[in-house]
Each structure stands twice: as C-alpha cells, then as structure tokens.
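# following is a predicted model, sequence given first.
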There are 2 protein chains.
Amino acid sequence: MVKITDVARHAGVSPSTVSYVLSGKRPISEETRRRVQASIRTLGYRPHAGARLAGGRANVLALVMPLWAGVHAPTALRFAASVVTAARSYGHDVLVLTQDEGEQGLRRVTDTVPVDGLIVMDVGLRDPRLPVLRDLDRPAVLIGFPADRAGLTCVDLDFRAAGERCVDHLAELGHRAVALVGPPPEVYVRRTACAQYVLQGFTAAADRHGLTSTVHPCEATAAAARATAERLLREHPAPTGIVVHNEAVLEPLTEAFARLGPRVPEELSVTAICPADLAESARVPLTSVALPAAETGLRAVELLMRALAGEPVPATTLLAPVLTVRGSTARRTGGGGV
Amino acid sequence: MVKITDVARHAGVSPSTVSYVLSGKRPISEETRRRVQASIRTLGYRPHAGARLAGGRANVLALVMPLWAGVHAPTALRFAASVVTAARSYGHDVLVLTQDEGEQGLRRVTDTVPVDGLIVMDVGLRDPRLPVLRDLDRPAVLIGFPADRAGLTCVDLDFRAAGERCVDHLAELGHRAVALVGPPPEVYVRRTACAQYVLQGFTAAADRHGLTSTVHPCEATAAAARATAERLLREHPAPTGIVVHNEAVLEPLTEAFARLGPRVPEELSVTAICPADLAESARVPLTSVALPAAETGLRAVELLMRALAGEPVPATTLLAPVLTVRGSTARRTGGGGV
DNA sequence: CTCCGTCGTCGAAGCGCTTCGACAACCTTC
DNA sequence: GAAGGTTGTCGAAGCGCTTCGACGACGGAG
C-alpha cells in the first residue's frame, strides 16, 4: 500500500505539501503541483478512508434504502444501482443502510463509519428521520419530498405533476371517468411522499377537468390486482381511463382486464407511472410517465458531491414528468359514462 | 461523540485497558472488565471504524453484487437484504460494490476503505477475481462455487443436487422426456457457477434415469419465454417434465403453456429452482427446489464472522436442496413419449 | 536599501485507537 | 525468604492523514 509519505518522497516534497495538492486548501506552485500529481499517478496512490479521522474525506457515502417491506425490488435496485454507479464515477463507495434502522441507524453510521454524506430513499411525508438529518454534521440528499423540507436537499420526480399529466392525457382523449390504482394502504399510512403527491395530482387534475375519479390502493399481489380489476369494472360510472402507480400489479392488472373483457386500449385506456422499460416490455406497451430511477440517483449523487465541495445546492430538484404514449391509451370510443 | 478516553476516565482506567477489554487480547480482571463494560454502556460508546488504521476492526464488510446485467432483481435483492440484516446482527455495516468493478474493485476497496472482509455473490466457474481474493489480507466468503476453490471459503445451495432432485421427482412421477429451461446464454458463457451445476445435475440425473433430455437457455423476457414454450412443445419427443432455472421467465412461461394447450400439471409437469415465495405465488403454485437466499446470506456472514474471529471455517458449505411439491407436478398421464 | 506582505513549503501535533514493552503486585517453589 | 513466574495495568509510540503555525524567499513600496 502506497501512502502519502511515499508520494512525498518520490516527488521530493513533504507530506503536507502532497496533502495540500490533494485538497487544494493552500496555494501550491504550478510546478510542484505537477510533480506531485505525476508521482501520485506513477505510484498509484490512493488516500485511505480511515484518515477521515484527521478531518479528511472518506470517499464513502451512505445510502439508506428500503430492503424488505412493500417496495418493488426491481425499481429499488435500479435506484441503488444508479446511485452506486454515479458515486463510483466520483470516486466514492457506497455503504447501504436499511430503511428500518431508522434514526439511530443514521446516528450510528455517521458516528461509527467514515462516511462523507448520506442519500436517503423513500422518504415519508413526516419522516421521523428528518430532525436527525437536519442535525447531522454531514450533507444529506433525500430522494423524495417530505412535507417540511426546510434545511434539506431533496430530489425526485415531480409525482404530483406526473399524476396530473396522466389524467390530462386521459382527459384529452375524451375519458370522463378515471381511476387511480395506487400502492398498498400501508404505503399511504406510512405517508410515503410520492404516493401522496400522485394522489394529489390525480385528484386535482380530475377535478380540474371535471372528471369522475376514484382511488384504489392495491396490495402488490396478483390476487389483489385481479380483485381491483373486478372492482373497477363494476364501478358506476365505470372508469375508462386508469392510472396505475404500482409497478408490482401492472402485469396482473392488465392481464386481468384482458380476461374480464375490456380491450386495452380500445375500451379501456391504461397509463402507468413506472420505469420506462417496464412500460415498454409489458404485453401491451404502456403509455407511461417514466420513473427516472437512473436520473434521480445520478442527480442525488451530484447534489451530494456539490454539497461536499462546499458549493451551494438547490434545496429542491423536481424532475419534470415525461409522458410517453405507447399502445395502452386511445381516444375514448362508445357513448356511456354515466 | 464519546471516545475511548472518555470511557477510560469514567471507569478509572487507562485507554489501553479499555481497548483490551474490548478486544480480549490480554487478560483483564473480572472486576475491571465489569466496570469498563458498565462505563461503555452508560456512555454509549462506539468505536470508530476509522481507527482500523491502528489495526482494529472496522465493523464493515464489503458485499460484491451484480447490479445490472441479467440478474433477477428480486432474487438479488433478497440475498443483499439477508446479508445486510445478518451483518447488522453482528454489528457490522455493509459496503456494496458492483460486480463489474472486477478485480481492481476488490483491490481498491480493501486498500482504501476500512473493511474487515468481503462477501462475493455470483461467482463464475473461473472467476478472474479468484486470485485477488486468495491474495487479499482479509477473509472473504464466496456465494457460489468456482471450479478451483483452493484457499477459498464458499457457500451456496447445492445446485447440482437441486438439478438432480427436480429430475428425480419428475422421473418418479413417470416422465420420460424432460427439458431444462435455463438462464440466458450469456450466463453460461460467463460460466456462472450455479447455472453449470444445475445443468450437470439435470443431465446426470436424466441419464441415470434413462430419460430423454434437452436444454434451453432462455432470455429473461416474456417474448423469449413464449418462444421457448413453443419450441418445447414442438420437440420430439415432447417433454412432459420441465425444470425451470430462470426466475424471470417463470411467469410468462407458465402462461404461455396455458395458452398453447398443455394443462399444468395434468399434461405437463413443471418444477422450478427459485425462491420459495415466488413458487408459492405463481398462478399454479409451483413444485420447486427453494433457492434459500436468506439462509445463504446468513451463512455467508456467519462464516465471515467466524473467520474474522480467527476460528477455522469449513472451506465449503453446500446447502442441501429441499424440494417442495406444490400444484405444478403430477404423475404422467397418457401414453406417448416417442 | 530596508521593511513588510505574499507565496510556497515544511515540521510537528493530533485525530481515535491498538499494541508493545514495562512494571508493579502477587503467588509459587525450593 | 529469595528467585522466578504470573497476572493485570499502564504509558508511549505509531497507524495515514490533515492542519496549524512557522519560516525562508521573493518582490514591491517607501
């Protein structure tokens, strides 16, 4: 293992000079800097994270992610993967923490492990971890928007706008009755932020367009999806436009529709809020607002890096929803409605 | 942040004594030990990982996992979750590394981050990382069995026996022609160990029973699954027993069968090698050999902890396959065959 | 030509912890 | 009852790095 003193010797300077070249915290002559950097490269020097002891950077960030309960694994993994990849591109490694470690988990990890900053996924509207995050001596970026975001840096898809965008699209196609199939009730209870925002956007847009609307939380099981499909079709007026915000039931739900009668999109238009490739690879490619996991993760890391560099960062970054029309929505046919 | 000197002062001993109480590397009188431990508890002291500098434990382990390519996300996440949970129960945190960082990734992380040991998922038969792992000054546990496991600690489901077990079951039920639907060709090319072992077990058992057998690698897409289903049914002799070792196509494959004709299990018996809950929640509950993600992760962590404690650990831990009969297999009916 | 301010570099101290050698105190053993 | 062993504890050094204060060299101002 090559250490800073090796670099210093090789470059003919003192260790402190090498340190200052690395951190840029003191002026170093152009020539010395170049020599030091050359030595660093030829020796393949890499600072050791343990030295965060002395106030340095560890080049490690912590990612708090939901690992068990009620999350759609492929989606969660996509976020994680993009965070890890982005972090690596900044030379950082990633420590994972599970959601359920809660507030103490945050405390523990910042006290115990050399970690430069945190990224927290799946934030609740009134997440109990918020006070701790505000209080921490390290920067943090939330993926999701809690109700009170004072003193926090947040990034996420604009879920409210996403909900609206879906309804707008359905309204433009002439649909007069719409339904939202959302995540399971627990998620609303936990008050996961994005579920709430979609709901708000959905309702607001439906009202704005004067549409009839209903909301159906749905467990992430095929059976629940089938039950929800049946319930939807029995409604009066029967919705002709559906917004699905629940990746896990996308598949069984569309299949249930296929069995129960209404043809998609001829008789029933379906839009989803989900990762783009999921929407593409459905048996009927779904018109969807993309859940930009890759971009969100990347943005979160970028924000964290800028915060670490001492730059000011925007408190909120809302990613604009992009609706892609695929095969699952069509102009409303037939009369009906009420 | 309370540090070791605080504890020492509070207990009326020197810092080194506290350290020895913690590490047990020197005898400490019963009375002193108790006093120190009391102080540790009341002050809520937690050693800082950065101090691994001085030779201590960091209480961090690295998990190398496949994050993008061709893995079944829910299964991968299950492994990861079990590793993280088990690690936490030993007071360790987990740093994730992606598969594709390869050998240098291992080097980097052990040089750079205070990490006590490694767990490596998804090992190839001739994984290029093996030399590095052997060479490292830290213990490592592999999930999976490479061809040459000298000097390595490995744990995994006995995939060979799992393949055999499925075929045995089908043979017992009177099936004379069986087919294996495996992971995509890439996986065989990368020589991911478990795919090879299932294949071996499948072939060996089929030969032993004198069954006709064919092998069908299959992409992880619904389209590929449908194509595979059609190909299977056109074969001559048509297989009446199928072994599926590819979680991603489980669903579309069974559905394709449902459409194309043969009734499961009356006309076609299907067994799977997959996580138990996946098998249970299929529309026709699948007879399966469970992929024990939770147990495997736990075992891997246990082995690592024992290695860290200096205890000798078994070089190989093979988990015996457990076949659970559910609704997708039945005694072969009808005549046919050739 | 001196004085002072800058610039660039260095040495030393210290981060929280472990570990080595030392050393009292006590216990055997002849 | 002195020699030799144990046992339990301590002090100090050091891990790789950062940072603070110091200092020599240089240049511009007076």
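Yep, that arrived. All values derive from a computational prediction rather than experimental measurement.

# in the host helix or strand of residue A:18, what counts as buried?
Applying DSSP states H and E as the criterion places residue A:18 in helix A:15-23. Within helix A:15-23, the residues scored as buried using 16 or more other C-beta atoms under 10 Å in any protein chain shown are A:17, A:18, A:19, A:20, A:21, A:22. In this view, the C-beta of every residue, glycine as well, is placed from N, C-alpha and C.

# just list the residues touching the fifth one, thanks.
Residue A:21 makes contact with A:28, A:32, A:33, A:36, A:37, according to C-beta atoms under 8 Å, 6 or more residues apart in numbering or on different chains.

# show me how to select, in PyMOL, the buried members of the residues you listed.
Buried members of the contacts of residue A:21, defined by 16+ other C-beta under 10 Å, are picked up in PyMOL with:
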select buried, chain A and resi 28+32+33+36
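
# need the contacts of residue A:21 in JSON lines with secondary structure, can you?
Formatted as JSON lines, those follow (DSSP: H, G, I helix; E, B strand; the rest coil):
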{"residue": "A:28", "secondary structure": "coil"}
{"residue": "A:32", "secondary structure": "helix"}
{"residue": "A:33", "secondary structure": "helix"}
{"residue": "A:36", "secondary structure": "helix"}
{"residue": "A:37", "secondary structure": "helix"}
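
# could you pick out which of the contacts of residue A:21 are near chain B?
The subset of the contacts of residue A:21 within reach of chain B, by C-beta under 8 Å from any C-beta of the partner chain, is empty.

# do the helix holding residue A:18 and DNA strand D meet at all?
Yes: Helix A:15-23 lies within reach of DNA strand D by C-beta under 7 Å from any atom of the strand, at A:15, A:16, A:18, A:19, A:20, A:22, A:23.

# which positions in the stretch 51-200 of chain A make contact with chain B?
A:51-53, A:58-60, A:67-68, A:73-74, A:76-78, A:80-81, A:84-85, A:88, A:93-98, A:101, A:108-109, A:111-114.

# mind listing which of those are in strands?
If you go by DSSP state E, these have A:60, A:93, A:94, A:95, A:96, A:97, A:98 in strands.

# enumerate the strands of chain A by residue range, in sequence order.
Ranges of strands within chain A are A:60-65, A:93-98, A:117-120, A:140-143, A:153-157, A:177-182, A:212-217, A:241-244, A:269-274, A:287-290, A:316-319, A:323-324, based on DSSP E.

# among those strands, which is nearest DNA strand C?
Closest approach to DNA strand C among those is made by strand A:60-65 (16.5 Å; C-beta to the nearest atom of the strand).

# which strands and helices lie in contact with the closest one?
The contact analysis (3 or more C-beta pairs under 8 Å, 6 or more residues apart in numbering or on different chains; DSSP states H and E) places strand A:60-65 against helix A:73-89, strand A:93-98, helix A:102-112, strand A:117-120.

# JSON lines for those, including distance to residue B:213 and mean pLDDT?
Converted to JSON lines, the helices and strands packed on strand A:60-65 look like this (distance: least, C-beta to C-beta, whole Å; pLDDT from 0 to 100):
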{"stretch": "helix A:73-89", "distance to residue B:213": "32", "mean pLDDT": "95"}
{"stretch": "strand A:93-98", "distance to residue B:213": "41", "mean pLDDT": "96"}
{"stretch": "helix A:102-112", "distance to residue B:213": "49", "mean pLDDT": "94"}
{"stretch": "strand A:117-120", "distance to residue B:213": "48", "mean pLDDT": "97"}
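
# closest to DNA strand C out of those?
helix A:102-112 (8.6 Å).

# what angle do the closest one and strand A:60-65 make?
170 degrees (axes from the mean of the first three to the mean of the last three C-alpha atoms, to 10 degrees).

# in chain A, where is pLDDT below threshold?
Residues of chain A meeting the criterion pLDDT under 70: A:69, A:334-338.

# okay, now the domains of it?
A:4-47, A:60-158+A:293-319, A:159-291 (automatic domain parsing).

# would TSV of those domains with distance to residue B:179 be doable?
Formatted as TSV, the domains of chain A follow (distance: least, C-beta to C-beta, whole Å):
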stretch	distance to residue B:179
domain A:4-47	50
domain A:60-158+A:293-319	27
domain A:159-291	24
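
# out of the ones you listed, flag the one nearest residue B:324.
domain A:159-291 (19.6 Å; C-beta to C-beta).

# quote the end-to-end distance of that closest one.
Counting by C-alpha to C-alpha, to the nearest Å, you get 9 Å between the two ends of domain A:159-291.

# please apply the same query to stretch A:61-70.
Terminal residues of stretch A:61-70 are spaced 25 Å apart (C-alpha to C-alpha).

# in it, what counts as buried?
A:61, A:62, A:63, A:64, A:65, A:66, A:67.

# stretch A:212-229 too?
Applying 16+ other C-beta under 10 Å to stretch A:212-229 flags A:212-213, A:215-220, A:222, A:224-226, A:228-229 as buried.

# now the farthest one out in chain A, which residue is it?
Distance from the C-alpha centroid of chain A, by C-alpha atoms, centre = their mean, peaks at residue A:12 (47.3 Å).

# residue A:102 contacts residue A:128, correct?
Yes: at 6.8 Å, residue A:102 counts as touching residue A:128 under the criterion of C-beta atoms under 8 Å.

# okay, those two: which has more neighbours?
Set residue A:102 next to residue A:128 and count neighbours by other C-beta atoms under 10 Å in any protein chain shown: residue A:102 wins out with 15 against 9.

# which residues are in contact with the more buried one?
Counted by C-beta under 8 Å, 6+ apart, residue A:102 has contacts A:128, A:129.

# gap between it and residue B:125?
As judged by C-beta to C-beta, to the nearest Å, residue A:102 and residue B:125 stand 41 Å apart.

# give the contact list for residue A:42.
Applying C-beta under 8 Å, 6+ apart to residue A:42 gives the contacts residue A:10.

# next, work out how far apart it and residue A:118 are.
Taking C-beta to C-beta, one finds residue A:42 at 35 Å from residue A:118.

# still on that earlier bit, are any of the residues of the stretch 51-200 of chain A next to chain B buried, and which?
Among these, the ones that count as buried by 16+ other C-beta under 10 Å are A:51-53, A:58-60, A:67, A:73-74, A:76-78, A:80-81, A:84-85, A:88, A:93-98, A:101, A:108-109, A:111-114.

# and DNA strand C, which of those contact it?
A:51, A:53.

# picking that back up, hang on, the residue farthest from the centre of chain A packs against residue A:35?
Yes: using C-beta under 8 Å, residue A:12 is in contact with residue A:35, at 7.3 Å.

# report the contact partners of the nearest residue to residue A:59 once chain neighbours are set aside.
Spatial nearest neighbour of residue A:59, excluding adjacent residues (C-beta to C-beta, 6 or more residues apart in numbering or on different chains): residue A:92 at 4.9 Å. Residues near residue A:92 by C-beta under 8 Å, 6+ apart: A:59, A:60, A:61, A:116, A:301, A:305.

# out of those, the closest to residue B:263 would be?
Distance to residue B:263, by C-beta to C-beta, is smallest for residue A:301 among these, at 50.7 Å.

# what's the burial count for the closest residue in space to the closest one that isn't next to it in sequence?
The shortest distance from residue A:301 to any residue other than its chain neighbours is 3.7 Å, reached at residue A:86 (C-beta to C-beta, 6+ apart). For residue A:86, the count of nearby residues is 23 (other C-beta under 10 Å).

# reformat the ones in strands among the residues of the stretch 51-200 of chain A next to chain B as JSON lines; add distance to residue B:133.
Shown next, in JSON lines, are these (distance: C-beta to C-beta, whole Å):
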{"residue": "A:60", "distance to residue B:133": "21"}
{"residue": "A:93", "distance to residue B:133": "18"}
{"residue": "A:94", "distance to residue B:133": "21"}
{"residue": "A:95", "distance to residue B:133": "21"}
{"residue": "A:96", "distance to residue B:133": "21"}
{"residue": "A:97", "distance to residue B:133": "26"}
{"residue": "A:98", "distance to residue B:133": "26"}
